[in-house]
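**Q** sequence and computational prediction follow.
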Amino acid sequence: MSALPVLQTRLGYQFVQPALLQQALTHRSFNANNNERLEFLGDSVLNFLIAHQLYQRFPALPEGDLSRLRAKLVREATLAEMATALNLGDALKLGEGELKSAGWRRPSILADALEAIVGAVYLDGGFAAAEQVVASLYKHQLHTIDPKAIDKDAKSQLQEYLQGKKMALPEYEVVSIEGEAHAQTFTVQCSIKPLHITTQGVGTSRRVAEQQAASLAMDQLQT
């Protein structure tokens with residue numbers, strides 16, 4: 001099965017106009033008919049839908065905290081994490097330079113493509129379709145997000161969680177560094193040996209990759 005039908009199955013949405021999905025997956029390095037305009041639209045649609053979900057889920061939370069929660073949910077690292085779970089990189093259309101530098105794993109490219117897909121779904125199926133896809137993508141995050149922890153990064157949350165259980169702290173190890181010096185992609189492994197949990201994060205720096213790996217570990221601990 002090709003990448004597009006598999007991706008649509010994972011999204012839970014079948015495009016009436018498959019060309020919109022193709023465009024959403026096309027990076028500017030590939031050709032002029034790329035996903036930048038769809039990303040612009042998808043960013044706004046996503047921000048509104050997440051704001052609406054948070055407004056309903058946390059009726060007593062003040063505006064400032066709602067804004068911080070939304071920022072956490074729509075930031076690049078979160079979007080890239082979801083895109084990776086969808087194997088979005090397998091379906092991307094990239095130019096030769098981006099292919100050589102493993103652009104299909106770069107968080108910024110993955111995050112932009114996911115936003116573009118939201119924009120494409122909105123154009124293809126309307127507001128209700130976009131709302132359904134976003135709700136499905138964020139089902140776990142919306143269920144587990146903790147307003148009390150919104151100012152703490154993933155590594156800090158993971159460390160506090162393990163310390164609270166009187167367990168050894170996680171170990172972080174750089175698995176690989178790919179790409180040119182100006183556009184490197186880091187893969188970092190996070191290991192919690194007592195719990196037999198191992199996750200991998202990918203980012204444009206070691207710190208970003210560590211944060212993503214820690215976030216994935218927290219997701220496993222909370223499921």
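**A** Yep, it's here.
**Q** wait, is residue 172 part of a strand?
**A** Yes - under DSSP: H, G, I helix; E, B strand; the rest coil, residue 172 sits within a strand.
**Q** next, count neighbours for it.
**A** Neighbours of residue 172 under the rule other C-beta atoms under 10 Å: 16. The way it works is simple: take the backbone N, C-alpha and C, and place the C-beta from them, glycine included.
**Q** so what touches stretch 181-199?
**A** 101-102, 105-106, 158, 162, 167-168, 170-179, 200-206, 208-210, 212-214, 216-217, 220-221 (C-beta atoms under 8 Å, 6 or more residues apart in numbering).
**Q** can you list the buried residues in it?
**A** By neighbour count on 16 or more other C-beta atoms under 10 Å, the buried set for stretch 181-199 is 183, 184, 185, 186, 187, 188, 189, 190, 191, 192, 198, 199.
**Q** what is the most widely separated pair among the residues you listed?
**A** The span of the buried residues of stretch 181-199, defined through C-beta to C-beta, is set by 183 and 192 at 30.7 Å.
**Q** who's in contact with the residue of the chain most remote from its centre?
**A** Here the chain reaches farthest from its C-alpha mean at residue 166, the gap being 30.4 Å by C-alpha atoms, centre = their mean. Taking C-beta under 8 Å, 6+ apart, we find residue 166 in contact with no residue.
**Q** please settle this for me: is it part of a strand?
**A** No - assessed with three-state DSSP, residue 166 is coil; it does not lie in a strand.
**Q** next secondary structure after the lengthiest helix in the chain?
**A** Ranked by residue count under DSSP state H, the longest helix found in the chain is helix 36-57. The helix or strand immediately downstream of helix 36-57 is helix 63-74, counting by DSSP states H and E.
**Q** tell me the helix or strand right after that following helix.
**A** Under the assignment DSSP H and E, the closest C-terminal helix or strand after helix 63-74 is helix 76-85.
**Q** would you mind getting the angle between that following helix and helix 36-57?
**A** Relative orientation of helix 76-85 versus helix 36-57 (axes from the mean of the first three to the mean of the last three C-alpha atoms, to 10 degrees): 100 degrees.
**Q** quick one: helix 76-85 to helix 63-74, angle?
**A** Using the same axes, to 10 degrees: helix 76-85 against helix 63-74 is 40 degrees.
**Q** after helix 76-85, next one along is what?
**A** Once the chain leaves helix 76-85, the next helix or strand it forms, by DSSP H and E, is helix 96-100.
**Q** could you pull out the buried residues of that following helix?
**A** residue 98.
**Q** which residue lies nearest the spatial centre of the protein?
**A** residue 79 (2.0 Å).
**Q** and that residue, how far from residue 91?
**A** 15 Å (C-beta to C-beta, to the nearest Å).
**Q** which stretches of the chain have low pLDDT?
**A** Residue ranges of the chain with pLDDT under 70: 1-2, 149-151, 223.
**Q** can we see that at 50?
**A** 1 (pLDDT under 50).
**Q** care to break the protein down by domain?
**A** Per automatic domain parsing, the structural domains of the chain span 3-149, 154-222.
**Q** quick one on the thing from earlier: got phi/psi on the residue farthest from the centre of the chain?
**A** Main-chain torsions, residue 166, degrees, to the nearest 10: phi 60, psi 50.
**Q** how far away is it from residue 194?
**A** Taken as C-beta to C-beta, the span from residue 166 to residue 194 is 10 Å.
**Q** what's the answer for residue 106, then?
**A** To residue 194, residue 106 is 33 Å away according to C-beta to C-beta.
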